[in-house]
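Participant: Everything below, folded, please.
(chains A and B)
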Amino acid sequence: MSNNLAVDNVIAFRRPPHPRCWSQAELWDMTALCAAHTRHGGATFWSTGKTERGDPQFYLLDADEDCLLCLTRLDRRYVLENGFGGVVAESTDLKAVIEQGRRMVAHPRGILAFVMRSLFVVCTCRAILDQKIELMMAETGEQLARFAPQLAALV
Amino acid sequence: MHFAKAEPEAKALRKQAGVWLKQLRNQAGLSQVELAAQLGLKYYTFISQIENGFGRVPTEAMERWALALNEKPSVFARKLLGFYDPELYRLLFEDVS
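Facilitator: Below is the predicted model of the structure:
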């Protein structure tokens, strides 16, 4: 009886289903991915479609209209796949997924700049560390020179 | 000489391949989700991508696809080659003499 009472008093708040098509905001975000690939990745067209279950898909296509990337929204999860079905990124955050997709088309010059920047940072850190270590060693030497005679006297 | 395929034709053939694959899947009584599970795919979205005519069945996966769709792998691959590379298909399988 208590079970029935509990069931009677429960009001099911159902999550409203996500719309079965892309929203304006989502399309706006996806154009960023499209722009990045158009500049560097060879994307020429984009198109939209749906899965059998009605989940919306966004295709990024090359000149032959072959799929480069496919973004699908499965309920509240975004899945980004390459043209061979490999999952590139998946998240409930569309922007994070798009960022992953954008990174895929980092221009060779961009990669070179990134490598150069990384090398510069590593070299700088190493130089700073070397200086610090040298300073510490010098200080330790000085202190050793100061305390050694006193220690010797004690012995 | 121009060897490139006419783009609209390639696109149309890929769409036809997608329709054919969908027919095979329906004949096998499989949903996109079930087919993806049989192929070991994490998501079924790739099946949709191919059936909508935007992707191709990868060569290395053709045998698995064929078996999942109750088709003989050689026949399946040959048919797909006809869609994906009609010129090569013509050279290999049609008498050009």
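
Participant: Around chain B, pick out the residues from chain A.
Facilitator: Applying C-beta under 8 Å from any C-beta of the partner chain, we find that chain A lies next to chain B at A:47, A:49-53, A:55, A:57, A:59, A:61, A:63-67, A:70, A:72, A:74, A:79, A:81, A:83-85, A:87. Glycine gets a C-beta too; all of them are placed from N, C-alpha and C.

Participant: Quick check on these: which are buried?
Facilitator: By neighbour count, with 16 or more other C-beta atoms under 10 Å in any protein chain shown, the residues of chain A next to chain B hold A:49, A:51, A:55, A:57, A:59, A:61, A:65-67, A:70, A:72, A:74, A:79, A:81, A:83, A:85 as buried.

Participant: Show me the residues you listed that map onto strands.
Facilitator: In this view, these that belong to strands under DSSP state E are A:G49, A:Q57, A:Y59, A:L61, A:C67, A:C70, A:T72, A:L74, A:V79, A:E81.

Participant: what about chain A, any weak spots by pLDDT?
Facilitator: A:1-8, A:14-19, A:41, A:105-120, A:123 (pLDDT under 70).

Participant: give me the residue from it nearest chain B.
Facilitator: Proximity of chain A to chain B (C-beta to the nearest C-beta) peaks at A:G85, 3.5 Å away.

Participant: middle-most residue in chain B, spatially?
Facilitator: B:L80 (4.4 Å; C-alpha atoms, centre = their mean).

Participant: do you know how far that one is from chain A?
Facilitator: To chain A, B:L80 is 14 Å away according to C-beta to the nearest C-beta, to the nearest Å.

Participant: In this structure that residue contacts B:V57, no?
Facilitator: Yes: at 5.9 Å, B:L80 counts as touching B:V57 under the criterion of C-beta atoms under 8 Å.

Participant: just to revisit the earlier point, please list all residues in contact with the spatially closest residue to the residue of chain A closest to chain B that is not a sequence neighbour.
Facilitator: Leaving out its chain neighbours, the residue that sits closest to A:G85 by C-beta to C-beta, 6 or more residues apart in numbering or on different chains is B:F46, at 3.5 Å. In this structure, B:F46 makes contact with A:C70, A:E81, A:G85, B:A36, B:G55, judged by C-beta atoms under 8 Å, 6 or more residues apart in numbering or on different chains.
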